[in-house]
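Visitor: fold the following.
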Amino acid sequence: MSRRFFRIHPGIGVARVGDSPSEFFIGPERPGEPPNFDLDQNKFRPFKDSQGRIKRQAARFRIFEYELKGEKIVPIREVSAGQDGVLGITWKVHMANRKAAFFKFDGQDGADGRWSGVRNANIRGSYREKLLVIDPGVKAVSGRNHASVPLTNPNRGIPIKSLGELRTDEKGNLLVLGGSGESNRTGHGKLIDDYVNNDQWFDDMSDGPVSAEITYTEDGATRTATLEGATGGWVLVGPPDYAPSVGNVVRLFDTLWDVAVRFKDEVPLFDTDGLFDQGLLARLAAQRKDWNPETNTFSTYRPSFLHEIYPLLDRALLQRQVHNPEASKSYHASFAGMEQELGTVASSRGRRLRRSIFGYMRNPSGNDGSEPLLMPKGLGDNYSDTEGPRENYFMSLTRVQFALLERWAHGEFEEDWDEAAARAIPREITAEGLERASVENSVGGPFFPGIDCSWMVRRPELYAAPFRVKHSGVAFPDTARLPIGPGFFSQQMALPWQADFFQCKKQFFPPEHVKYDGDGMYHMWWCAHRPDDVYANKGDFQMVSWTRELEKVAELDSQSPEIKASASEDTSAFEIAMYIQMQQNWPRLGFVINEGDTHFETEARSGGGTTNPSPAPAPCWTSGGSKGSGGY
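Guide: Modelled structure (predicted):
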């Protein structure tokens, strides 16, 4: 039996689409590191190439060797072919897009494993797979600086060229690049008239398992290990992160963490796994042992103010940089300068503030959707634009996040505030850091349907270990028995992706049909990825709509006979025109970056150019509203 043990890191990597054919950047690999951020220069690199096309974000996968130390197997070093007795590494990736063949997305329909309808219902039987699925098959790559291995669409009936490509870097690590953000309809397809389900439309989003075969020597013998499942990885492909300077209140990291803590019987974590003795991951193991599933609380666990409480509060405050609530009672201000008091148990002012802040939090265990004034100021998984019950209508934190804040509010936390440490980004690449970095910069809620993945990611039976997706098996084992495999997570997402990316902008509450005795206000969806409002220039005091230029053209295009004819009671002509604008012109949108505490929109390009050039005149935009009916 081999005494050498290897594992791919990260367990889940995130790539993002872009229309630049050759330029890309590698996604975050250190905790706290924003996408495309230059640590040496302490600033963001350009997100667009010299011609204004968006660079793709590549997901990089590495292999670490583990060693038995006492009773624990712990990561000791990153390995590459030609070093440390490693003879060769062959990477294998299987990506797919199954959106057009999956069930329709309709809120929580299917959460019990029973769906009520499918996309492209007119295509039945075995023909669905043949006509509706994009599956390039397993692709392999090995060696150093390997040239592009394209993920070409083999299905000639689907008007999508590719799902992306594979490469290796100078050390032989795997690089997965997603598609170009392409979407298209077949010849008989209608205009986009729904935010999430459009028959005869296709796009190039995808996801799938990442495995590796590593050949190595041990005691003079040559051995081969296959890394998959608990030792393998998974890659998700999502839209661009247009606000890399702002973090999500509920990150994908938080959602995966929540599943691992609350479902400790379903999500395996062996006591011998030394990865979870390191860094923040050591706290996951401690939380699993202390979690009370009956009360959704911790009994004795004391969260770190520096590592667990402050980052959550800080991300919540930063939403204001990409979302203008436009109502006096709809947003908190700042606790700048009060961190020490908030992080000190004996501080009387800190105690009052802690309890006040926690008192505004919406309890995820009793979220009946009846109080829009609570926090977070977002819409949730069970949002509906029709009359009826509104359970989970508004967004809530994960149960673990809420329980951590509750312990903090009661003064049961570690007093470890350190301002320098709170701002620091580690230089070293570690196995523990890789597990965190990519999913820290991804959306973990709300899932209506979401941006990078949807609510199926919460299913505990998917995981071979925390942050590790099984490479086979089924989800919903008692009902749907959905196969776990290529395209599993992307299949539930909006089709095409640009429709929901337009639709999920901030929304005024209450809608006209909802009876609510109180002040109206705006609520958000995922403004940390898809901004609602921005400061168009550094130093501006007034915010403007992030999609303002698309809106100008859509107002004109909404008068066209074809668009008017496609409008309905559920979808206005303006909404259809905006769907077209987002589908065709998403690369023209700007990115929100920061310099110090100042956040602003940039159109900076590689190779020079001004930070904020004047917007292109309307005629340069290609011509052709909200989740639900009407514009907000």
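Visitor: got any ranges where the protein has weak pLDDT?
Guide: Along the chain, the parts satisfying pLDDT under 70 run over 1, 327-334, 367-370, 385-392, 511-519, 608-632.
Visitor: tell me which element E555 is part of?
Guide: helix 548-557 (DSSP states H and E).
Visitor: quick check: what element follows that helix along the chain?
Guide: Moving toward the C-terminus from helix 548-557, the next element (DSSP H and E) is helix 561-566.
Visitor: what packs against that following helix?
Guide: Applying 3 or more C-beta pairs under 8 Å, 6 or more residues apart in numbering; DSSP states H and E, we find helix 561-566 packed against helix 573-585. In this view, the C-beta of every residue, glycine as well, is placed from N, C-alpha and C.
Visitor: tell me which other helices or strands the helix it packs on touches.
Guide: helix 497-503, helix 548-557, helix 561-566.
Visitor: contacting residues around the first one?
Guide: The set of residues external to helix 497-503 that reach it, using C-beta atoms under 8 Å, 6 or more residues apart in numbering, is 181, 183, 192, 194-196, 198, 203, 205, 239, 449, 451, 493-494, 530, 547, 550, 575, 578-579, 581-583, 586, 625-627.
Visitor: repeat the analysis, applying 6 Å as the threshold.
Guide: Helix 497-503 is touched from outside by 192, 195-196, 203, 205, 239, 494, 530, 578-579, 582-583, 586, 626-627, with contacts defined as C-beta atoms under 6 Å, 6 or more residues apart in numbering.
Visitor: ranking those by neighbours, who comes first?
Guide: M205 (32 neighbours; other C-beta atoms under 10 Å).
Visitor: that one in helix, strand or coil?
Guide: Following DSSP: H, G, I helix; E, B strand; the rest coil, we place M205 in the coil state.
Visitor: roughly how far apart are the closest residue to L318 other than its chain neighbours and G208?
Guide: Excluding the flanking residues, the one nearest L318 by C-beta to C-beta, 6 or more residues apart in numbering is V246, at 4.7 Å. Noted for V246: a distance of 29 Å to G208, by C-beta to C-beta, to the nearest Å.
Visitor: over to A346?
Guide: For A346 relative to G208 (C-beta to C-beta), the value is 52 Å.
Visitor: which one's more surrounded, these two?
Guide: Using other C-beta under 10 Å, the more surrounded residue of A346 and G208 is G208, with 28 against 9.
Visitor: which residue ranges of the stretch 301-450 of the chain form helices?
Guide: Ranges of helices within the stretch 301-450 of the chain are 310-318, 339-342, 348-359, 399-409, 419-423, 431-440, based on DSSP state H, counting those that start in this stretch.
Visitor: OK, contacts around K171?
Guide: Contacts of K171 (C-beta under 6 Å, 6+ apart): S80.
Visitor: please disregard the earlier target; I meant S20.
Guide: D49, R53, K55.
Visitor: same thing but at 8 Å, please
Guide: K48, D49, Q51, R53, I54, K55, R56.
Visitor: chain neighbours aside, what residue packs nearest to the fifth one?
Guide: Meaning I54. Closest to I54 by C-beta to C-beta, 6+ apart is G18, at 3.8 Å.
Visitor: next: the third one.
Guide: Excluding the flanking residues, the one nearest Q51 by C-beta to C-beta, 6+ apart is R605, at 7.5 Å.
Visitor: got the phi and psi for that neighbour?
Guide: phi -120, psi 160 (degrees, to the nearest 10).
Visitor: quick check, it in contact with K55.
Guide: No - using C-beta atoms under 8 Å, R605 makes no contact with K55, being 10.1 Å away.
Visitor: which residues are in contact with each of those two?
Guide: With C-beta under 8 Å, 6+ apart as the test, R605 and K55 both reach P46, K48, D49.
Visitor: okay, now the last one: neighbour count?
Guide: Translated: D49. By other C-beta under 10 Å, neighbour count at D49 equals 19.
Visitor: residues near R223, how many?
Guide: When neighbours are counted by other C-beta under 10 Å, R223 comes out with 14.
Visitor: ok, now how distant is it from M524?
Guide: In terms of C-beta to C-beta, R223 sits 52 Å off from M524.
Visitor: kindly report the same for F305.
Guide: 26 Å.
Visitor: quick check: next helix or strand after the lengthiest strand in the chain?
Guide: Determined from DSSP state E, the single longest strand within the chain is strand 56-69. For strand 56-69, the following helix or strand on the C-terminal side (DSSP H and E) is strand 72-79.
Visitor: give me the angle between that following strand and strand 56-69.
Guide: Put simply, strand 72-79 runs at 130 degrees to strand 56-69, going by axes from the mean of the first three to the mean of the last three C-alpha atoms, to 10 degrees.
Visitor: quick one: strand 72-79 to chain centroid distance?
Guide: Centre-to-centre, strand 72-79 and its host chain are 28 Å apart (C-alpha atoms, centre = their mean, to the nearest Å).
Visitor: please name every helix or strand in contact with whichever helix or strand comes after that strand.
Guide: On the C-terminal side of strand 72-79, the nearest following helix or strand under DSSP H and E is strand 86-94. Packing contacts for strand 86-94, counted by 3+ C-beta pairs under 8 Å, 6+ apart, involve strand 138-142, strand 162-168, strand 174-177, strand 207-218.
Visitor: just to revisit the earlier point, which single one of the shared contacts of R605 and K55 is nearest to E415?
Guide: P46 (41.1 Å; C-beta to C-beta).
Visitor: hang on, the closest one packs against E603?
Guide: No - at 9.1 Å, P46 does not count as touching E603 under the criterion of C-beta under 8 Å.
Visitor: which of R605 and K55 has more residues huddled nearby?
Guide: K55 (21 against 18).
Visitor: residues in contact with that one?
Guide: Residues in contact with K55 (C-beta under 8 Å, 6+ apart) are G18, S20, E23, F24, F25, N36, P46, F47, K48, D49, S606.
Visitor: would you report the backbone torsion angles of the nearest residue to E551 once chain neighbours are set aside?
Guide: The shortest distance from E551 to any non-neighbouring residue, by C-beta to C-beta, 6+ apart, is to S545 (6.4 Å). The phi and psi values for S545, taken as degrees, to the nearest 10, are phi -60, psi 140.
Visitor: Three-state assignment for A100, please.
Guide: Applying three-state DSSP: A100 is helix.
Visitor: nearest residue to it in space, please, no chain neighbours.
Guide: In space, A100 is closest to L132, 4.0 Å off (C-beta to C-beta, 6+ apart).
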